[in-house]
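In: Take a look and give me a structure for this.
(2 chains)
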Amino acid sequence: MTRKQKRLAIIGGGMSFILAAALLVMFAFGQSIAYFYMPADLAKTSVPPETRIRLGGLVEKGSVARGEGSTVSFAVTDNENTVKVTYTGILPDLFREGQGVVTEGKFIAGSDVFVADSVLAKHDENYMPKEVADRLKEQGVWEGQEQTQ
Amino acid sequence: MSVELGHYALVLALATAIVLSILPIWGAWRGDRPLMELATSGSLALFGLVAFAFAVLTQAHLASDFSVKNVWENSHSLVPFIFKFSGVWGNHEGSMLLWLLILVFFSALVAIFGRNLPDTLRANVLAVQAWVATAFTLFILLTSNPFARLNPAPPEGQDLNPVLQDVGLAIHPPLLYLGYVGFSVCFSFAIAALMEGRIDAAWARWVRPWTLAAWTFLTAGIAMGSYWAYYELGWGGWWFWDPVENASFMPWLAGTALLHSAIVMEKREALKIWTILLAILTFSLSLLGTFLVRSGVLTSVHAFATDPSRGIFILCILVLFIGGALALFAFRAPQLNSGGLFAPISREGALVLNNLILTVSTATVLIGTLYPLLLESLTGEKISVGPPFFNMTFGLLMIPLLLAVPFGPLLAWKRGDLLGALQRLYVAAGLAFFVALVFYYVENGGPVMAVLGLAAGLFLVFGAVSDLWFRAGIGKQAMGVAWRRLVGLPRSAFGTALAHMGLGITVLGIVAVTTFETEHVVEMKPGMTAEAGGYTLAFDGMRSAVGPNYTEDRGHFTVSRGGATVADVWSSKRLYTARRMPTTEAGILTFGLSQLYVSLGDPMADGGIVVRIWWKPYILCIWGGALVMMFGGFVSLSDRRLRVGAPSRRAKPVKAALEAGE
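Out: Numbers count the residues shown, from 1 in each chain, chains lettered A, B, ... in the order given. Sure, this is the predicted structure:
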């Protein structure tokens, strides 16, 4: 091979790898991004069933009920609208009624109960999921203290 | 000791850093020796000042001096001694001070071990290090002063975040920073080289040990962080593709690429411009990581506090350094003479492939990490990019790299023989595939694709062994000769083999645990049993206990196999009294390389408790592989070729000849 051909081979190979990676990234974004919704959003727009989303808000007081085995049902509210959620598994340590929570999962066709496969409540006792805190502040129902220490 | 002295030392450090930022460069430009020499002594003085400030803060924490705001916020008189100590960096201000301490520590190391560097290069490198030090000292003094006082002093502290009350905090951040910040030396070398406009193979030889050291520590730091999250959080996961994890993983990927491209530059004087760019990018990713973690744009256990002014300050540092460095690069790079060409199939070609895949996969991780932040700041829309994205992109892109790794060391420089390499590797490949099949059959379960994953991991391990095997000529030479050749191989050859082998072991662990792992969530009452991984766990009941600064409910489990009791384990839920914060302390039992992981959930109304039990087969391979990689890094670092300041090889024979002559 001449110098030119060698250079072309290397550049061509590199470019096609980068192109493949870019296509892969776009495909993966289409497949695996979860949009964030609050209950009030779900009253306005409907999310097609089987679409992965994140649902955040406050755990409604008095809504937590334990079912069979480790299945738990509770309601997520933003004081405008409320969505029922079921979850099977162990809830995080900081999951409490009246506290902020973010759940990830999907709606099953023909039902308005959100089936979550993960429930997040992170590591700090005055932690409020950022998405939830921002929205609650916008809506003026924020009750927690600022997180600055 | 009064903390004001620490504050004062830090102000002096700022002044020193500013002087160091300017005068040595001026000296290097003018050819003024005393000014250049200032860089060496100044860097040592800077290290002394920051170390003193750090010692003062440590003393305040150890003495539980609650008149210091930082101590009051993050400590408690009842916290055990070790956590009082590690609590120094278990908060925003302290961890930034540790960051700075390690930065100036590396400057001091360059000053000490860089005696044989050209005077101008050493002066410039230390000056660039001082720029970074200036920026971060200013940041600490203006936005994150750890020495602020409270008046009146509160009688008791607010306690350290319970999740951080673990030996992990004593080990993980210092190791991680030694890696993360260690790349600053590569950055400074790159900037200094661009300023001088001269880069050659010697430059690569000087930079390599620093890259290698930083990479080795970062490997250890990431592995340690992963293991800590695994046992402390009680979720049984060891990697979450959390933005904070990605923040440390991206410099590691770029650093790995840098490590490899610097070899090409050192041996063949090729890829010069690319290596310089990688050195800049690697430390830029470290800075980006610092920004992501410390600015509060992300909420995580690492983001101790969210104060917008800090975020903006770090963003300014980020823009200044990355923008400045890239601008200098764009301005200077065209003037650098580029190196020689080589055939696509050659050692250089293999290393270019390594660089291509590593940088592209770094880019995908970067996109996945930053896209949600960008989208939110541009449109206000909130999305999350989770593990499926990274598994799909990063996971797929890594496959060709894993398969190519064993070929690299077997190819010759300039013009390699792919067929020859194939012939040398088919035994390793066949063996890997066979062992993977046996493995899969014995473990019995999981998707068939897993065989390929296991085989890829084993191929890396066997490939690394074959490399040493063929280099020593085992089988071709007489035993004695082969042994002497093996022992005589340069340490860096062993380092390479170990690092590649470690990667294989980690891959093996990842594939094995994702394929063969079992998880049970069961409601248990005392006397009930559950099965996992061939073991039977009997729940004996709960008991309350009191620790130094927490109370806990502990569940006791007796583990038996085939009717015989083999072990027992406690798993508990703790409540840290000062912060009223609950944590889960998982019970973990190790059997060989596998682990049984028991984590408690909520108590039920009828007296039972939800228990989550995982069987994690071969999970220790994940971190064991990282340890092997780290060991490989140290072995490579001890290679005399890389010892800056080591006497050249010629010295010895001459001396021997002289002795013989006498």
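
In: What distance do you get for B:Ala412 to B:Glu348?
Out: Relative to B:Glu348, B:Ala412 is positioned 10 Å away (criterion: CB to CB, to the nearest Å). Heads up, the C-betas are built off the backbone N, CA and C, glycines and all.

In: With neighbour numbers in mind, choose between those two.
Out: Between B:Ala412 and B:Glu348, counting by other CB atoms under 10 Å in any protein chain shown, B:Glu348 is the more crowded of the two (27 against 13).

In: wait, what's in contact with the residue nearest to that one when sequence neighbours are not counted?
Out: Of all residues not flanking B:Glu348 in the chain, B:Phe342 sits nearest, at 4.4 Å (CB to CB, 6 or more residues apart in numbering or on different chains). The neighbours of B:Phe342, taking CB atoms under 8 Å, 6 or more residues apart in numbering or on different chains as the test, are A:Lys6, B:Arg268, B:Ala270, B:Glu348, B:Gly349, B:Trp413, B:Lys414, B:Arg415.

In: now B:Asn444
Out: By CB under 8 Å, 6+ apart, no residues touch B:Asn444.

In: Flag every buried residue along the longest helix seen in chain A.
Out: Longest helix of chain A, by residue count under DSSP state H: helix A:3-32. Using 16 or more other CB atoms under 10 Å in any protein chain shown as the test for burial, helix A:3-32 gives A:Ile10, A:Phe17, A:Ala21, A:Leu24, A:Val25, A:Ala28, A:Phe29, A:Ser32.

In: wouldn't the last one be in contact with B:Ser384 here?
Out: No. Taking CB atoms under 8 Å as the contact criterion, A:Ser32 and B:Ser384 are not neighbours in contact, 9.5 Å apart.

In: Now the phi/psi pair for B:Arg543, please.
Out: Phi and psi for B:Arg543, reported as degrees, to the nearest 10, are phi -150, psi 150.

In: I meant B:Val566, not that one.
Out: Dihedral angles for B:Val566 - degrees, to the nearest 10 - are phi -110, psi -30.

In: now do A:Arg66
Out: Per-residue torsions, A:Arg66: phi -90, psi 130 (degrees, to the nearest 10).

In: and if you look at A:Phe114?
Out: The phi and psi torsions at A:Phe114 (degrees, to the nearest 10) take the values phi -90, psi 130.

In: quick revisit: can you list the helices and strands that the longest helix of chain A packs against?
Out: With contacts defined as 3 or more CB pairs under 8 Å, 6 or more residues apart in numbering or on different chains; DSSP states H and E, the packing partners of helix A:3-32 are helix B:347-379, helix B:387-404.

In: So which elements touch the longest one?
Out: Using 3+ CB pairs under 8 Å, 6+ apart as the contact criterion, the neighbours of helix B:347-379 among helices and strands are helix A:3-32, helix B:243-268, helix B:272-294, strand B:383-385, helix B:387-404.

In: among these, which is nearest B:Leu57?
Out: Distance to B:Leu57, taken as CB to CB, is lowest for helix B:272-294 among the helices and strands packed on helix B:347-379, at 17.2 Å.

In: how about the helix or strand following that closest one: buried residues?
Out: Next along the chain after helix B:272-294, taking DSSP states H and E as the criterion, comes helix B:308-318. Of all the residues in helix B:308-318, those buried under the rule 16+ other CB under 10 Å are B:Arg310, B:Gly311, B:Phe313, B:Ile314, B:Ile317, B:Leu318.

In: what's the closest of the residues you listed to chain A?
Out: Nearest to chain A among these: B:Arg310, at 10.2 Å, using CB to the nearest CB.

In: Now for chain A, the helix or strand with the poorest mean pLDDT.
Out: Across the helices and strands of chain A, mean pLDDT, DSSP states H and E gives its lowest value to helix A:130-139, namely a mean of 65.
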